[in-house]
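# fold the following, please.
(chains A, B, C and D)
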There are 2 protein chains.
Amino acid sequence: MGYIRGMDPATLAALAEPNRLKIVEFLRDKPRPVGEIAARLRIRQPQVSKHLRVLAEAGIVDMRPAAQQRLYYLQPKPFQELDRWLDTFRPTWEARLDTLEAFLQEMQGKAKKPGSPEVRRSKT
Amino acid sequence: MGYIRGMDPATLAALAEPNRLKIVEFLRDKPRPVGEIAARLRIRQPQVSKHLRVLAEAGIVDMRPAAQQRLYYLQPKPFQELDRWLDTFRPTWEARLDTLEAFLQEMQGKAKKPGSPEVRRSKT
DNA sequence: ATTATATATTCCTTGACAGGAATATTCCTT
DNA sequence: AAGGAATATTCCTGTCAAGGAATATATAAT
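This next block holds a predicted model:
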């Protein structure tokens, strides 16, 4: 653990596995016991338990025992973290084209070769 | 390709690799040539090219040639997609505790669990 | 206590992937 | 045309993660 600042790759890695992503989406509505997840997603129970462990270690889910069952549910924190991370890209989305043009200009001047090549600009 | 609806795991997989995540963050501000990325992140050039290929195949970056250089820049679409996906969880974040409690109630209907915390419903 | 139900863990095998090193390719310069 | 600079690709190797199968653990019911 760590990642005081920035996005934790572990969160993304946990979500990147297709079956785990489906599990997360299945948990979106309400907590679910392991067996129900396995039945719904047609994954064998041991694999579901393993995936849930990975998700839990990433802080994406937590669990509450209920009799022999274990009710798994989502934790908001990783999603909020991901959301905040995405926020840092919004400025880029909008200014992207401008930045590209500006940067191309800048590059051509800054390129350490004298006699800079001609700038190719796409027509609009 | 595919994934008409829902989140594409490939996007997450591409972002999950630590070096690739750093590359993406480095590209946040403006387009960069491969060599600059390699120098800044202290990764060997071939590995950077490979990572960029993965990112490109995931639609996260695109490229524009400038002389012998290749300027890589971010593509907004995957981020927007990720953002929309996150939106589908927002309702859950807020109602999470309620849902949990409600579900536990329902569960307890057939299985009593001792030590269960008192139910506090913020629902008026 | 024994049995049943629900879940977790272990062992094994296989495939994917990341890094290193060397080489190929592309484009510019002279 | 030849050489140089920037980037891409290939081959190799080690590591790690995911699924299958079997088994262990926890809790409940009888």
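# okay, now A:Pro76: neighbour count?
15 (other Cβ atoms under 10 Å in any protein chain shown). No exception for glycine: its C-beta is placed from N, CA and C like everyone else's.
# and the closest residue to A:Gln47 other than its chain neighbours, what does it touch?
Closest residue to A:Gln47 apart from its sequence neighbours, by Cβ to Cβ, 6 or more residues apart in numbering or on different chains: A:Asn19 at 7.2 Å. Taking Cβ atoms under 8 Å, 6 or more residues apart in numbering or on different chains, we find A:Asn19 in contact with A:41, A:43, A:47, A:51.
# could you rerun that using 10 Å?
Taking Cβ atoms under 10 Å, 6 or more residues apart in numbering or on different chains, we find A:Asn19 in contact with A:37, A:41-43, A:47-48, A:50-51, B:9.
# between those, which is closest to A:Ala66?
A:Ile37 (14.4 Å; Cβ to Cβ).
# double-check that the closest one belongs to a helix.
Yes: counting by DSSP: H, G, I helix; E, B strand; the rest coil, A:Ile37 is located in a helix.
# can you tell me the closest non-neighbouring residue to it?
That would be A:Val48: by Cβ to Cβ, 6+ apart, it lies 5.2 Å from A:Ile37.
# do I have it right that that neighbour meets A:Leu27?
No: A:Val48 is beyond contact range of A:Leu27, at 11.5 Å (criterion: Cβ atoms under 10 Å).
# name the residues contacting each of the two.
Common neighbours of A:Val48 and A:Leu27 (Cβ under 10 Å, 6+ apart) are A:37, A:72.
# A:Gln75 against A:Glu57, yeah?
No: between A:Gln75 and A:Glu57 there is no contact under Cβ under 10 Å: 11.7 Å.
# so A:Gln69 versus A:Gly35, what's the distance?
7 Å (Cβ to Cβ, to the nearest Å).
# if we can go back for a sec, TSV for the contacts of A:Asn19, including distance to A:Leu82?
Formatted as TSV, these follow (distance: Cβ to Cβ, whole Å):
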residue	distance to A:Leu82
A:Ile37	22
A:Leu41	22
A:Arg42	27
A:Ile43	24
A:Gln47	25
A:Val48	23
A:Lys50	23
A:His51	19
B:Pro9	15
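# now, among those residues, which is nearest to DNA strand D?
DNA strand D lies nearest to A:Gln47 out of the contacts of A:Asn19, by Cβ to the nearest atom of the strand, at 4.3 Å.
# read off the pLDDT value for that closest one.
With respect to pLDDT, A:Gln47 scores 98.
# phi and psi next, for it.
Torsion angles at A:Gln47 (phi, psi; degrees, to the nearest 10) stand at phi -70, psi -40.
# how about A:Pro18?
When read as degrees, to the nearest 10, the backbone of A:Pro18 gives phi -50, psi -50.
# likewise A:Met63?
According to degrees, to the nearest 10, A:Met63 has phi -140, psi 150.
# so what's the residue count around it?
For A:Met63, the count of nearby residues is 17 (other Cβ under 10 Å).
# ditto for A:Gln45
12.
# same thing with A:Leu12?
Neighbour count of A:Leu12, defined by other Cβ under 10 Å: 24.
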